[in-house]
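Q: Build me a model:
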Amino acid sequence: MNIQVATQGASTARPLAGKVSLVTGSTSGIGLGIARSLAAAGSAVVLNGLGVAAEIAETREKLAGEFGVKVDYSPADMTRPDAIAEMVATILAEHGRLDILVNNAGIQHVAPLEQFPIDKWNAILAINLSSAFHATRAALPTMRKNRFGRVINIASAHGLVASPFKAAYVAAKHGLVGLSKVTALETAEDGITCNAICPGYVYTPLVEAQIDGQAKAHGISRDQVIRDVLLAQQPNKRFADVGELGALTVFLASDAAASITGIALPVDGGWTAH
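A: Numbers count the residues shown, from 1 in each chain. Just a heads-up that it's a prediction; the model follows:
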């Protein structure tokens, strides 16, 4: 039996030095927080998502300047398989490799099942689930060639449990957990791992807007909205921070997590422990 012992790199402070990462849906929120953590760990980063061109350029410049890594941007439409394939091909042409793929792109819509708009269902399934399939499919050949790869799917607590009025989102996130397991099994002997991170509520600008909106709609305080509405299912009664998800992503992408694959890891303050 060939026994390999993991050794520390030249710098434990930058465990991903020399790696190339793609984070979909990373121009704001959770995706940007993860991209920032990967850059801090030494990885070159390719951002993807919507936004104002000048603001995206500023984000790239800040990340590159702060962490001394190359930061690129792809405007690929995550509803289009051809655009996703072209994005990965461009990364390989410019960097020669793709080591870490974080499938984070996602949207949400809330409505009763019988009133759920068909176009919203199709869009959520396309962006939250199918885009991860297309990106993974495009990335695996280079990962197999290099005998190293990390596919990290940002699912949700709703990939493990359900809530009313979120049919498409819950279906897509459950599907993403299943896709993670299949990917892990098919790549287990190739130096590639695939895992799903399942956050509960994470504090982002979008959540901040929800707090204000819910407070006005229900005539209650911000604290009541946070505790009794948004975090009703989270026993710890606090939002996760994007930095927590970033740190976990860096760990899963590192050599230290080489034997962790095929899991759905809740980061939900105890939500799914009910």
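Q: How many neighbouring residues does the closest residue to Val242 other than its chain neighbours have?
A: Closest residue to Val242 apart from its sequence neighbours, by Cβ to Cβ, 6 or more residues apart in numbering: Gly33 at 2.7 Å. Where you see a C-beta, it was placed from the backbone N, CA and C, and this is true even at glycine. Gly33 is flanked by 24 other residues according to other Cβ atoms under 10 Å.
Q: Do I have it right that Leu22 meets Gly49?
A: No - counting by Cβ atoms under 8 Å, Leu22 sits too far from Gly49 to count as a contact (11.4 Å).
Q: picking that back up, now do whichever helix or strand the residue nearest to Val242 is part of: everything it contacts.
A: Using DSSP states H and E, Gly33 sits within helix 29-40. Residues outside helix 29-40 that contact it (Cβ atoms under 8 Å, 6 or more residues apart in numbering): 14, 16, 21, 23-26, 45, 47, 49, 59, 63-64, 66-67, 69, 71, 100, 102, 104-105, 154, 199, 202, 204-206, 241-243, 245-247, 249-250, 253.
Q: Just the buried ones from these?
A: Using 16 or more other Cβ atoms under 10 Å as the burial test, the contacts of helix 29-40 include 14, 16, 21, 23-26, 45, 47, 49, 59, 63-64, 67, 69, 71, 100, 102, 104-105, 154, 199, 202, 204, 242, 245-247, 249-250, 253 as buried.
Q: how near is the residue nearest to Val242 to Ile56?
A: To Ile56, Gly33 is 15 Å away according to Cβ to Cβ, to the nearest Å.
Q: what does Ala162 give?
A: Separation of Ala162 from Ile56 (Cβ to Cβ): 35 Å.
Q: which of these two has more neighbours?
A: Legend: neighbour count by other Cβ under 10 Å for Ala162 and Ile56, higher for Ile56 (19 against 14).
Q: In three-state terms, label that one for me.
A: Recorded secondary structure, Ile56: helix (DSSP: H, G, I helix; E, B strand; the rest coil).
Q: circling back to that earlier point, tell me the average confidence for the helix holding Gly33?
A: Taken as a whole, helix 29-40 has a mean pLDDT of 98.
Q: Figure out how far it is from the centre of its chain.
A: The chain centroid and the centroid of helix 29-40 are separated by 9 Å under Cα atoms, centre = their mean, to the nearest Å.
Q: Check which element follows that helix along the chain.
A: With secondary structure assigned by DSSP H and E, helix 29-40 is succeeded by strand 44-48.
Q: Just the residues contacting that following strand, thanks.
A: With contact meaning Cβ under 8 Å, 6+ apart, strand 44-48 is reached by 19-27, 31-32, 35, 38-39, 56, 59-60, 63, 69-76, 78, 87, 91, 95, 105.
Q: same check, this time on stretch 72-89
A: The contact list for stretch 72-89 (Cβ under 8 Å, 6+ apart) reads 22, 24-25, 27, 44-48, 56-57, 60, 90-91, 94, 98, 105, 123, 126-127, 130-131, 134-135, 138-139.
Q: how about that stretch as PDB, C-alpha atoms only?
A: Presented in PDB, the C-alpha positions along stretch 72-89 are these (Å, rounded to 0.1, in the frame of the first residue of the first chain):
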ATOM      1  CA  ASP A  72     -10.100  38.400 -12.900                       C
ATOM      2  CA  TYR A  73     -13.800  38.700 -13.700                       C
ATOM      3  CA  SER A  74     -16.100  36.800 -16.000                       C
ATOM      4  CA  PRO A  75     -19.600  38.200 -16.900                       C
ATOM      5  CA  ALA A  76     -20.800  34.700 -17.900                       C
ATOM      6  CA  ASP A  77     -24.600  34.300 -17.700                       C
ATOM      7  CA  MET A  78     -25.100  31.300 -15.400                       C
ATOM      8  CA  THR A  79     -28.300  30.400 -17.100                       C
ATOM      9  CA  ARG A  80     -26.400  29.500 -20.300                       C
ATOM     10  CA  PRO A  81     -24.400  26.300 -20.500                       C
ATOM     11  CA  ASP A  82     -22.300  27.600 -23.400                       C
ATOM     12  CA  ALA A  83     -21.400  30.800 -21.500                       C
ATOM     13  CA  ILE A  84     -20.300  28.700 -18.500                       C
ATOM     14  CA  ALA A  85     -18.200  26.400 -20.700                       C
ATOM     15  CA  GLU A  86     -16.600  29.400 -22.300                       C
ATOM     16  CA  MET A  87     -15.800  30.900 -18.900                       C
ATOM     17  CA  VAL A  88     -14.000  27.800 -17.800                       C
ATOM     18  CA  ALA A  89     -12.100  27.600 -21.200                       C
END
